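Student: Let me see the structure of the following:
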Amino acid sequence: MNRRDALAALSLLSLAACSSSSDTATGSAAGGAGAGAGLPGAGGVSSAELGGPGGRVPPGTQQDLEVNVGDRVFFAFDSSVLDDAARQTLERQAAWLKQFPAVSVTIEGHCDERGTREYNLALGDRRANAAKSYLVALGVSPDRIRTISYGKERPADPGHDETAWALNRRAVTVVNVTN
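Tutor: Here you go, the predicted model:
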């Protein structure tokens, strides 16, 4: 192997080493086991990719929530029922919120493009409130959690197939920024 080939191989190995071993789902995209793998917000982004100096993510921030806990859960079609993967993510969120008692959040409810605007706003509201209710049941003060529904108005994926729809059926926890 010549020097150029060796450098190319080393570069490829370096890129492969950058991938995270925590590319597991924090929520189920379609309600099935492991259905959320590789979804955005599923803990697949390393702190080095998002962090500031030295790759560190500031504790108690949106980045910290996304990287170390998971900021979203996914739902089955036309459902606001939390599956096991969603409950696990929300349990991590509850522990995180207890660790940072000054942090308040907004849970956004989202839907895929199917259905009327009004129906999806109501479904998004049920999804956001399902996540909030679970966090409250785990001991997080309801005063720290606001909910809002965006229905189908803010898709995570603009596609028109099951993969896109699965990404869009979600509740996203967003850290409220105070000045």
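Student: The longest helix along the chain packs against which elements?
Tutor: Ranked by number of residues, the top helix in the chain under DSSP state H is helix 117-137. Packing partners of helix 117-137 (3 or more CB pairs under 8 Å, 6 or more residues apart in numbering; DSSP states H and E): helix 84-99, strand 105-110, strand 145-151, strand 170-175. In this view, the C-beta of every residue, glycine as well, is placed from N, C-alpha and C.
Student: Tell me which of these lies nearest to residue 137.
Tutor: helix 84-99 (8.7 Å; CB to CB).
Student: tell me the average confidence for that closest one?
Tutor: For helix 84-99, mean pLDDT is 98.
Student: now that helix against strand 145-151, angle please.
Tutor: Here helix 84-99 runs at an angle of 140 degrees relative to strand 145-151 (axes from the mean of the first three to the mean of the last three CA atoms, to 10 degrees).
Student: For the longest helix of the chain, output the C-alpha coordinates as CSV.
Tutor: The C-alpha atoms that make up helix 117-137 are tabulated as CSV, following Å, rounded to 0.1, in the frame of the first residue of the first chain:
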residue,chain,number,x,y,z
ARG,A,117,-55.8,21.4,9.9
GLU,A,118,-58.3,21.4,12.7
TYR,A,119,-58.1,17.7,13.4
ASN,A,120,-54.3,17.8,13.4
LEU,A,121,-54.2,20.8,15.8
ALA,A,122,-56.4,18.8,18.2
LEU,A,123,-54.2,15.6,17.8
GLY,A,124,-51.0,17.6,18.3
ASP,A,125,-52.5,19.0,21.5
ARG,A,126,-53.3,15.5,22.7
ARG,A,127,-49.8,14.4,21.9
ALA,A,128,-48.2,17.4,23.7
ASN,A,129,-50.5,16.9,26.7
ALA,A,130,-49.8,13.1,26.8
ALA,A,131,-46.1,13.9,27.2
LYS,A,132,-46.7,16.6,29.8
SER,A,133,-49.0,14.3,31.8
TYR,A,134,-46.4,11.6,31.9
LEU,A,135,-43.7,14.1,33.0
VAL,A,136,-46.0,15.4,35.7
ALA,A,137,-46.8,11.9,36.9
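Student: hang on, the earlier thing: could you dump the helices and strands packed on helix 117-137 into a markdown table with mean neighbour count added?
Tutor: Below are these laid out as a markdown table (neighbours: other CB atoms under 10 Å):
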| stretch | mean neighbour count |
| --- | --- |
| helix 84-99 | 19 |
| strand 105-110 | 24 |
| strand 145-151 | 18 |
| strand 170-175 | 24 |
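Student: Just send those back as TSV, with distance to residue 125 too.
Tutor: Output for these, formatted as TSV (distance: least, CB to CB, whole Å):
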stretch	distance to residue 125
helix 84-99	17
strand 105-110	6
strand 145-151	4
strand 170-175	10
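Student: Does residue 164 belong to a helix, a strand or coil?
Tutor: helix (DSSP: H, G, I helix; E, B strand; the rest coil).
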